[in-house]
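>>> okay, here's the prediction I keep looking at, along with the sequence it came from:
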Amino acid sequence: MDTSLIKERARALLDGASFIGHISDETDYAQALALMDHLIDDYDANRVLIEIVSGSIERWERESPAFERFDSTVAALSGVDVLKLLMEQHGLGVADLPEIGSKSLVSKILNGRGRNLTKDHIAALSARFSVSPAIFF
């Protein structure tokens with residue numbers, strides 16, 4: 001193994017695309033996402049580079065002030081708020097959630113009139129919308 005050749009190639013790669021190892025601004029972030037879109041087309045051949053770029057993306061999303069605001073907003077949402085958002089995204093009304101029950105029950109839950117989402121409701125909604133049950137808590 002020629003470590004000097006490896007270092008030279010790695011340095012050349014990072015000189016041309018430093019965002020691969022560290023994202024420092026929104027432009028880097030956009031470039032990293034665009035690169036990831038291309039890399040996943042051939043996941044097996046690009047697996048190692050995908051792991052490196054995804055680590056940079058995860059760090060940026062965890063540390064960026066823009067994502068801090070987003071994360072705090074999401075953290076403040078109630079389970080009912082999440083359900084309302086999912087209903088809006090999927091164009092659903094109170095009659096479209098048999099997982100919860102009748103239109104009347106769905107309406108009471110959405111309006112906070114003494115009813116809450118149960119564990120069974122959350123499990124069914126999580127399966128329907130392919131989301132983690134944690135987002136409802």
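Now that the structure is in, tell me what you want to look at.
>>> quick one: end-to-end length of stretch 111-121, please.
Stretch 111-121 has its terminal residues 16 Å apart, counting by CA to CA, to the nearest Å.
>>> quick one: mean pLDDT over that stretch.
The average pLDDT within stretch 111-121 is 88.
>>> same question for stretch 10-22.
The average pLDDT within stretch 10-22 is 90.
>>> roughly how far is it from the heart of the chain?
Mean-position distance between stretch 10-22 and its chain equals 25 Å (CA atoms, centre = their mean, to the nearest Å).
>>> got it, and stretch 67-84?
When distances are taken as CA atoms, centre = their mean, stretch 67-84 is centred 12 Å away from the chain's centroid.
>>> can you pull out the helices in the protein?
Under the criterion DSSP state H, the chain carries helices at the ranges 3-16, 26-39, 43-63, 65-75, 79-90, 103-110, 119-129.
>>> the first one vs helix 43-63, what angle?
When you say that, I think you mean helix 3-16. With axes from the mean of the first three to the mean of the last three CA atoms, to 10 degrees applied, the angle from helix 3-16 to helix 43-63 works out at 60 degrees.
>>> what's the answer for the fourth one, then?
What separates the directions of helix 65-75 and helix 43-63 is an angle of 80 degrees, with the same axes, to 10 degrees.
>>> list the contacts of the least confident helix or strand in the chain by mean pLDDT.
The helix or strand of the chain with the poorest confidence is helix 65-75; it has a mean of 79 (mean pLDDT, DSSP states H and E). For helix 65-75, the external contacting residues (CB atoms under 8 Å, 6 or more residues apart in numbering) are Glu26, Trp60, Glu61. C-betas here are computed from N, CA, C, even on glycine.
>>> which residue, other than its chain neighbours, is closest to the first one?
Nearest-residue entry for Glu26: Ala66, 7.7 Å, with adjacent residues in sequence omitted and distances by CB to CB, 6 or more residues apart in numbering.
>>> residues near Ser102, how many?
When counting by other CB atoms under 10 Å, one arrives at 12 neighbours for Ser102.
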